[in-house]
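[1] this is a predicted model, with the sequence first.
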Amino acid sequence: MSEHEHDDEVGYSGPAQVLVGGETVTVRVQLRGFFQPIDGFFHWYGRIAANPDLDRLVSGNRADVVLRTPNGERPGELSDPDLWGRYRITGESTPPFALDLDIPEQVP
């Protein structure tokens, strides 16, 4: 990846909820995202701080979840936790955080 490949990244850092298996766990997240013109999707991703309640529900495995922030909620996928017990989360399309993008107007 080049130094300027994702200069237009936006994100969110703060409290969130993970909905998994009919239960809700309050967590802290750091999320980022970018629009990928090749596939036409907005890709968002991030880390969920180590949380024993989430670990109990997911048991260190991958899981389909819903991530809720104060700005919205979206389905995402958790990956295996890292050495510090943080799960990575990824999703496509509209992110669960506010976008403040400068989108240039198209000239006809």
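    In hand now; what should we look at? Numbering: from 1, shown residues only.
[2] quick one, what contacts the spatially closest residue to residue 46 that is not a sequence neighbour?
    Leaving aside its sequence neighbours, residue 46 sits nearest to residue 31 (CB to CB, 6 or more residues apart in numbering; 3.6 Å). All C-beta atoms are positioned from the backbone trio N, CA, C, and that covers glycine. By CB atoms under 8 Å, 6 or more residues apart in numbering, the residues touching residue 31 are 11-13, 44-46, 69, 89, 95-97.
[3] in ChimeraX, how would I select just the buried ones from those?
    Here is the ChimeraX command that selects the buried residues among the contacts of residue 31 (16 or more other CB atoms under 10 Å):
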select :11,12,44,45,46,69,89,95,96,97
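[4] I'd like the contacts of residue 31 laid out as a markdown table, including pLDDT.
    Putting the contacts of residue 31 into a markdown table (pLDDT from 0 to 100) gives the following:
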| residue | pLDDT |
| --- | --- |
| 11 | 90 |
| 12 | 94 |
| 13 | 95 |
| 44 | 95 |
| 45 | 96 |
| 46 | 97 |
| 69 | 96 |
| 89 | 97 |
| 95 | 91 |
| 96 | 93 |
| 97 | 92 |
